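Engineer: need coordinates for the following:
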Amino acid sequence: MTGKEKAACAINLLVFVCTAFATASMIIGFTFIGEIQVLSAISFRAFRYFTVDSNVFAGIVSLVYSLCLLRGNAGRKAPELLMCLKLAATTGVTLTMAVTMLFLAPRSETGYFSCFMNSNLFMHLITPLLCIVSFVFLEPARISLSWSCCGVLPMLLYALYYIPNILLHLEDGQPTRDYDWYGFLDGGLGTIGIVLPLMLAVTWLIALGLRAANKKCVRAG
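Structural biologist: All right, here's what the predicted structure looks like:
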């Protein structure tokens with residue numbers, strides 16, 4: 001392995017470990033920074049959150065990538081499918097971090113930094129940053145522009161669950177926080193036509209940005 005490949009392998013394994021710890025901690029209700037639990041749920045209800053789903057996806061893909069390196073594929077270009085999955089996973093956790101920092105944390109009734117406590121410290125900040133650093137600087141992806149749309153898939157699949165779940169549990173024709181737990185439709189049901197396309201567009205822009213940064217760093221390397 002080259003130095004970059006060793007670093008990529010180490011970071012990807014660390015992403016897997018962080019994800020496993022954070023997910024297990026949330027499921028069993030383990031806290032290590034105070035008692036505030038924001039955007040979390042005990043048991044497997046935790047998987048209703050895109051945060052958890054995107055982090056678990058990133059952890060699995062990171063483990064596969066590191067095993068690919070350890071099995072002797074270092075020095076050869078990783079399979080295009082694997083790199084598309086890496087782009088999708090990194091895009092997902094980057095979106096999670098961005099939405100938390102710019103939308104959820106500023107609106108939190110328990111304070112901005114409550115969204116970065118306990119499991120969410122890893123899921124909203126540490127794991128996304130690790131994924132971004134590894135993907136951009138250490139993993140030669142060479143993903144074509146047409147395949148960059150893979151980055152949108154996790155968000156699109158989640159939307160296919162999130163939106164119908166809201167529509168099936170309306171109260172007096174309006175969304176409730178019990179099912180619109182992110183508060184994306186606080187402006188009313190009619191904002192779906194704005195919020196959903198906007199989220200998908202932002203997600204694709206993140207994917208394009210990650211792809212462009214990766215491409216620039218690969219050329220520089």
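
Engineer: ok, and the closest non-adjacent residue to A207?
Structural biologist: Of all residues not flanking A207 in the chain, G151 sits nearest, at 2.6 Å (CB to CB, 6 or more residues apart in numbering). For every residue, glycine as well, the C-beta is placed using N, CA and C.

Engineer: now F184
Structural biologist: V195 (5.1 Å).

Engineer: the residue nearest to A207 touches L205, doesn't it?
Structural biologist: No. Contact criterion CB atoms under 8 Å: G151 and L205 do not qualify, at 9.4 Å.

Engineer: who has more neighbours out of these two?
Structural biologist: Legend: neighbour count by other CB atoms under 10 Å for G151 and L205, higher for G151 (28 against 14).

Engineer: pLDDT wise, what is the more buried one at?
Structural biologist: Listed pLDDT for G151 reads 95.

Engineer: quick one: the residue most central in space within the chain from A7, how far?
Structural biologist: By CA atoms, centre = their mean, the chain has its centre lying nearest to V93, at 1.9 Å. Separation of V93 from A7 (CB to CB, to the nearest Å) stands at 19 Å.

Engineer: now do the helices in the protein.
Structural biologist: 3-28, 50-68, 80-99, 105-107, 119-121, 127-138, 153-167, 192-220 (DSSP state H).

Engineer: return the most buried member of the ones you listed.
Structural biologist: helix 119-121 (a mean of 25; mean count of other CB atoms under 10 Å).

Engineer: quick one: mean pLDDT over that one.
Structural biologist: Rounded mean pLDDT across helix 119-121 is 96.

Engineer: which parts of stretch 103-112 are buried?
Structural biologist: Neighbour-count burial for stretch 103-112 flags 104-105 (criterion: 16 or more other CB atoms under 10 Å).

Engineer: which residues touch that stretch?
Structural biologist: With CB atoms under 8 Å, 6 or more residues apart in numbering as the test, stretch 103-112 has contacts from 36, 38-39, 113-116, 182-183.

Engineer: among those, name the buried ones.
Structural biologist: Among those, those classed as buried by 16+ other CB under 10 Å are 36, 38-39, 114-116, 182.

Engineer: from these, which is closest to R71?
Structural biologist: The shortest approach to R71 among those belongs to F116, at 35.3 Å (CB to CB).

Engineer: got a pLDDT number for the residue lying farthest from the centre of the chain?
Structural biologist: Relative to the C-alpha centroid of the chain, counting by CA atoms, centre = their mean, D172 is the outermost residue, at 33.0 Å. We note a pLDDT of 88 for D172 in this prediction.

Engineer: what does G221 give?
Structural biologist: pLDDT, read off for G221, is 58.

Engineer: repeat that for S144.
Structural biologist: Note on S144: pLDDT of 88.

Engineer: backbone dihedrals for it, please?
Structural biologist: phi -70, psi 160 (degrees, to the nearest 10).

Engineer: pull the number of nearby residues for it.
Structural biologist: 10.

Engineer: how far away is it from V136?
Structural biologist: Distance from S144 to V136, by CB to CB: 18 Å.

Engineer: check Q37 too.
Structural biologist: For Q37, the distance to V136 - CB to CB - is 32 Å.

Engineer: doesn't G183 make contact with the residue nearest to F184?
Structural biologist: No. The criterion here is CB under 8 Å, and V195 misses it with G183 at 10.4 Å.
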